[in-house]
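Participant: got a structure for you, letters missing:
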Ligand code: FAD
Ligand code: SF4
């Protein structure tokens, strides 16, 4: 990389630099493998992209980031060729930068606030975050470690090793508290591990980022289900405070006839079988998955895109998205929709499944759908899909995957009836993340329902600050 003595571009020169695009595996190749699709910027590209940043005094991009990464500062260090400093700034503000650089919907967060957005395209903050985080993991000795505060003598339990729990655990450990992280599954990462496929987020990245937290002194105990192995009340007795980041793992069902047919999966089950149990790729997997020649996925969020692109990679000749609105309203990240289209995924728009149709042998044969049209905007601001009377259409499929979304996992709360929740099971908290139980905090999908990695991390960070104040008796 260039050193600090290089020519500092003038504002005019910065404005003349065009945006870089992310190198990727060709679509024809990648649709049959699970290797990462995006390859990362080259050092030369990263340097040019970093020089596009105008270092706005009002820092609007930082306001768009739920964990408030000092974006212009890390980009400035990168542009000056000081990668260790860029990495230190990033790692100080973000516990999982290599994850966020890959999966955050930057176009709706930091990059949506970038002053260059409407001129020639936002600065590629996500691309640069990924570049710096990956460089840091390849050069750990040059970056050094974050300093821990002296031991406070206080103990905190964290439930769930997803982005919310991992962030809270790291922040609390840095503040000198003794943290034990309890995870129900046999591995850490939450949705990052069992939901998001390796072609978007390699598992090695999760291992490295979790390893960094473990080196901060967090004790990780997997295979411990809070609400079964131990209750929340027991945690409250044994620890000075508790953070619950148990996520949203309970699928919302389609609630139509045929949901129990063979070959019908919820997205959670399908992705967990493939990502965690090796189904589809390993013939000896104890939890196989039906591969399917024609796979229909219901929904159009990130989860739906992950399912349909996984089905394609497992060998589906046709992989379909069935969605009740149109492509313009799809909630998935824009880049995932683009990548899916390039991989030959077909989008069937304005269709709402009303029945899953089966054979006499109990296997699924297809979907019966109601044709829809777009009406006036609903509460989400998107046009409301309305049925066109008597317009039904049949779609042939030998695997159907329901990717409608998830609700919070009820297990923990079932053994803690005093923990206030709303009618959909979301844990109620105040602005600091404190629940109805004093000393018990929560955040991430357990509070929001299905949201995003960076929002879960923002909650974990905010709650860690509040827990620290609580433990010091400041509130
Ligand atoms: P989780 O990640 O769900 O982690 C919760 C953890 O708690 C899990 O490991 C679970 O096993 C554990 N747990 C639950 N109950 C207990 C218990 N009783 N005891 C102990 N442990 C327990 N967001 C993005 O920003 N970008 C994306 O591209 C994106 N893609 C997605 C793709 C898929 C397939 C899915 C399902 C979600 C995606 N999301 C994406 C959403 C994002 O992953 C979640 O919002 C985020 O992971 C929530 O973090 P969390 O820590 O709250 O919960
Ligand atoms: Fe740089 Fe864009 Fe942030 Fe301005 S808004 S400091 S140009 S990243």
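Facilitator: Sure thing, it's come through. Keep in mind that this is a model prediction, so the values were computed, not measured. Ligands and ions are numbered 1, 2, ... in the order given.
Participant: run a quick neighbour tally on the residue in the stretch 351-475 of the chain positioned nearest to ligand 2.
Facilitator: When you check the stretch 351-475 of the chain against ligand 2 by Cβ to the nearest ligand atom, the closest residue turns out to be residue 454, at 15.9 Å. Using the backbone N, CA and C atoms, a C-beta is placed for each residue, glycine as well. Other residues within reach of residue 454, judged by other Cβ atoms under 10 Å, total 26.
Participant: quick one: contacts for it?
Facilitator: Contacts were defined as Cβ atoms under 8 Å, 6 or more residues apart in numbering; by that measure residue 454 touches 65-67, 100, 104, 109, 163.
Participant: element containing it?
Facilitator: Residue 454 is part of helix 453-471, with elements assigned from DSSP states H and E.
Participant: so which bits of that helix are buried?
Facilitator: Within helix 453-471, the residues scored as buried using 16 or more other Cβ atoms under 10 Å are 453-464, 466-468, 470-471.
Participant: now stretch 233-242
Facilitator: Neighbour-count burial for stretch 233-242, counted by 16+ other Cβ under 10 Å, picks out 235-236, 239-242.
Participant: just flag the most distant two among the residues you listed.
Facilitator: Taking every pair in those and measuring Cβ to Cβ, the maximum separation is 10.5 Å, between 235 and 240.
Participant: pLDDT below threshold where in the stretch 51-200 of the chain?
Facilitator: Filtered on pLDDT under 70, the stretch 51-200 of the chain yields no residues whatsoever.
Participant: which residues in it form strands?
Facilitator: 155-159, 178-182 (DSSP state E, counting those that start in this stretch).
Participant: sorry, back to before: report the entries of the buried residues of helix 453-471 that also contact ligand 1.
Facilitator: 453-454, 456 (Cβ under 6 Å from any ligand atom).
Participant: got a markdown table for those, with pLDDT too?
Facilitator: Written out in a markdown table, the entries for those read as follows (pLDDT from 0 to 100):
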| residue | pLDDT |
| --- | --- |
| 453 | 96 |
| 454 | 96 |
| 456 | 97 |
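Participant: for these, which one is nearest residue 351?
Facilitator: When those are compared for distance to residue 351 (Cβ to Cβ), residue 453 comes out closest, at 29.4 Å.
Participant: residue contacts, the closest one?
Facilitator: When contacts are counted by Cβ under 8 Å, 6+ apart, residue 453 touches 96, 99-100, 103-104, 163, 191-192.
Participant: and what of residue 35?
Facilitator: With contact set as Cβ under 8 Å, 6+ apart, residue 35 has these partners: 25, 198-199.
Participant: what helix or strand is the residue lying farthest from the centre of the chain located in?
Facilitator: Distance from the C-alpha centroid of the chain, by Cα atoms, centre = their mean, peaks at residue 360 (39.3 Å). Mapping residue 360 onto the secondary structure by DSSP H and E places it in no helix or strand at all.
Participant: how about the one 4 residues further on?
Facilitator: Per DSSP H and E, residue 364 falls inside strand 364-377.
Participant: quick check: bridge partners of residue 394?
Facilitator: Under the criterion DSSP bridges, residue 394 forms beta bridges with residue 368.
Participant: let me know how buried it is, in neighbour terms.
Facilitator: Applying the criterion other Cβ under 10 Å, we find 12 residues in the vicinity of residue 394.
Participant: can you check residue 472 too?
Facilitator: Per other Cβ under 10 Å, the neighbour tally for residue 472 reads 11.
Participant: residues from the stretch 351-475 of the chain in reach of ligand 1?
Facilitator: Close to ligand 1, as judged by Cβ under 6 Å from any ligand atom, the stretch 351-475 of the chain has residues 409, 411-412, 444-446, 450-454, 456.
Participant: so which of those residues is the most crowded?
Facilitator: Greatest neighbour count in those, by other Cβ under 10 Å, goes to residue 444: 35 neighbours.
Participant: that residue contacts residue 162, correct?
Facilitator: Yes - at 6.3 Å, residue 444 counts as touching residue 162 under the criterion of Cβ atoms under 8 Å.
Participant: need the overlap of contacts for the two.
Facilitator: Common neighbours of residue 444 and residue 162 (Cβ under 8 Å, 6+ apart) are 245, 247, 456.
Participant: secondary structure element for the second one?
Facilitator: With elements taken from DSSP H and E, nothing contains residue 247; it lies in neither a helix nor a strand.
Participant: tell me how far it lies from ligand 1.
Facilitator: Using Cβ to the nearest ligand atom, to the nearest Å, one gets 2 Å for the distance from residue 247 to ligand 1.
Participant: repeat that for residue 146.
Facilitator: Distance, residue 146 to ligand 1, by Cβ to the nearest ligand atom: 21 Å.
Participant: quick one, what contacts residue 364?
Facilitator: Neighbouring residues of residue 364 by Cβ under 8 Å, 6+ apart: 258, 261-264, 356-358, 397-400.
Participant: quick check: closest non-adjacent residue to residue 175.
Facilitator: The shortest distance from residue 175 to any residue that is not its chain neighbour, by Cβ to Cβ, 6 or more residues apart in numbering, is 4.8 Å, and that residue is residue 468.
Participant: quick one, what contacts the one you found?
Facilitator: Residues in contact with residue 468, defined by Cβ under 8 Å, 6+ apart, are 172, 175, 177.
Participant: now swap in residue 341 and tell me
Facilitator: Residues near residue 341 by Cβ under 8 Å, 6+ apart: residue 347.
Participant: can you add mean neighbour count and distance to ligand 2 and give the strands of the stretch 51-200 of the chain back as TSV?
Facilitator: Listed next are those as TSV, based on neighbours: other Cβ atoms under 10 Å; distance: least, Cβ to the nearest ligand atom, whole Å:
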stretch	mean neighbour count	distance to ligand 2
strand 155-159	27	32
strand 178-182	23	33
